[in-house]
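*Asks:* Build the 3D model from these lines:
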Amino acid sequence: MRLPVGFRAGATRAGIKPSGKPDLALLVSGTPCNWAFVGTLNKAAAPCVVRGRELLAGNRPLQAVVVNAGNANCATGEQGVWADRRMAELAAEELRLPPEAVLTASTGVIGQPLPLERIAAGLPQIRLGLELDPFAEAIMTTDLVPKMAEATLGGGARVVGVCKGSGMIAPQMATMLAYIVTDAQVSQEELRRGWKEVVDKSFNQVTVDADTSTNDMAVLMANGAAGPVDLGEFWRAVEQVCIELARKLARDGEGATKLLTVRVTGALSDAEARKAALAVASSPLWKSAVYGNDPNWGRIMMALGKSGVALEPEKLRISLQGIPLYQGRVLGFDRPSVSRAMQAEEVLVEADLGLGQGEGMAWGCDLTEEYVRINALYTT
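*Replies:* Okay, the predicted model is just below:
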């Protein structure tokens with residue numbers, strides 16, 4: 001996928017991943033960018049997230065991101081803090097930028113020292129180009145496929161996004177690194193005003209296993225090369241890209257065979273609708289039923305009820321793959337037919353709470369034996 005005007009990216013094999021696959025990457029703008037950042041709410045946040053927040057508070061432009069995969073550099077003490085800053089310095093030296101213009105990110109196994117000597121040797125080997133694909137591949141860990149999305153505004157400005165994530169994925173946010181870059185001209189204040197709202201509607205509505213990572217971040221960078229844009233159109237494009245990436249995260253969940261989409265309407269507010277949808281997408285019982293093609297709608301009702309949102313069962317309507325299962329009372333339905341309808345790449349749950357105008361969506365995946373196998377053997 002081609003990057004917006006002024007951006008370049010590249011990657012190399014630095015020997016950080018045991019697999020020997022690409023594991024060190026750069027994403028660079030030729031000019032300083034306005035930017036916005038959201039990081040994990042996990043209290044054990046890695047040094048790269050802590051440093052990202054510090055850079056955000058400093059309100060200086062951003063020009064590059066350096067990412068290593070295969071090592072989270074988390075729970076590594078003061079040595080890890082120093083190593084994270086040193087990685088920024090090494091990248092800055094290579095790009096001839098101040099360290100404060102370089103954002104760091106690490107993803108992989110927690111509790112292992114960052115191999116700085118491999119990063120130092122690898123950075124000069126990266127050849128920057130106009131395609132995003134090498135970067136997308138290098139930041140992957142247990143992902144099966146790279147994840148990219150794009151949108152074009154009427155005036156020609158582009159929004160291009162890339163992310164990684166497959167397991168340890170739950171709201172606030174996920175084992176996810178997400179970078180959205182654009183050549184639209186948008187002020188720093190506007191980017192930071194709107195970014196959290198987009199993240200809440202997209203990345204914070206993804207769940208694979210209800211575990212929130214120590215290292216995740218979502219970054220939006222704008223270098224202004226395409227000039228001013230209509231802000232309404234801009235935010236619609238950014239949201240479109242992020243939702244597409246969120247769906248790809250869920251579909252590529254560790255061991256997943258299906259994408260689970262949950263749409264909730266009729267809630268008292270959009271926030272309540274999103275909360276209810278996420279409860280359904282997160283339920284291990286319902287995720288297991290999806291894997292087994294079991295239209296056990298009681299598990300959907302259970303998840304809605306435990307979510308804490310306003311709920312009156314006599315007003316509730318539940319459909320699965322467009323087939324009504326419950327409408328304030330138990331409905332008769334052909335269970336084998338619904339089960340066959342669930343044998344699809346995407347399973348859609350729709351729940352109308354019948355209480356208001358709030359709407360929201362969440363994305364997850366089924367829970368399979370393969371998920372257990374992957375995580376039982378993750379460091380062995």
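
*Asks:* any idea of the mean pLDDT for stretch 338-356?
*Replies:* The average pLDDT within stretch 338-356 is 97.

*Asks:* Would you mark the buried spots in that stretch?
*Replies:* 338, 341-342, 347-355 (16 or more other Cβ atoms under 10 Å). Quick note: C-beta positions are derived from backbone N, CA and C, even for glycine.

*Asks:* between these, which is nearest residue 261?
*Replies:* residue 348 (5.0 Å; Cβ to Cβ).

*Asks:* Distance check, that closest one against residue 299.
*Replies:* 15 Å (Cβ to Cβ, to the nearest Å).

*Asks:* before we move on, back to that, could you dump the buried residues of stretch 338-356 into CSV with secondary structure and distance to residue 227 added?
*Replies:* Converted to CSV, these look like this (DSSP: H, G, I helix; E, B strand; the rest coil; distance: Cβ to Cβ, whole Å):
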residue, secondary structure, distance to residue 227
338, helix, 52
341, helix, 48
342, coil, 48
347, strand, 43
348, strand, 40
349, strand, 42
350, strand, 41
351, strand, 43
352, strand, 43
353, coil, 44
354, coil, 47
355, coil, 45
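
*Asks:* from the residues you listed, which single one is nearest residue 161?
*Replies:* Comparing these against residue 161 with Cβ to Cβ places residue 348 closest, at 23.7 Å.

*Asks:* who's the closest one bridged to?
*Replies:* Taking DSSP bridges as the rule, residue 348 bridges to residue 261.

*Asks:* Contacts only, for it.
*Replies:* Applying Cβ atoms under 8 Å, 6 or more residues apart in numbering to residue 348 gives the contacts 261-263, 320-322.

*Asks:* Of those residues, just the buried ones, PyMOL syntax please.
*Replies:* In PyMOL syntax, the buried subset of those is picked out as below (16+ other Cβ under 10 Å):
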select buried, resi 261+262+263+320+321
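
*Asks:* can you name the two of the contacts of residue 348 that are farthest apart?
*Replies:* Pairwise over the contacts of residue 348, using Cβ to Cβ, the maximum falls at 262 and 322, 13.8 Å.

*Asks:* what's the overlap in contacts for these two?
*Replies:* Both residue 262 and residue 322 are contacted by 348, 350, under the criterion Cβ under 8 Å, 6+ apart.

*Asks:* Please parse this protein into its domains.
*Replies:* By the assignment in automatic domain parsing, the chain contains the domains 7-251, 259-376.

*Asks:* now those in CSV, with distance to residue 1?
*Replies:* Formatted as CSV, these follow (distance: least, Cβ to Cβ, whole Å):
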stretch, distance to residue 1
domain 7-251, 5
domain 259-376, 21
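
*Asks:* now, of these, which is deepest in the fold?
*Replies:* Mean neighbour count (mean count of other Cβ atoms under 10 Å) peaks for domain 7-251 among the domains of the chain, with a mean of 21.

*Asks:* what about that one, start to end distance?
*Replies:* 28 Å (Cα to Cα, to the nearest Å).
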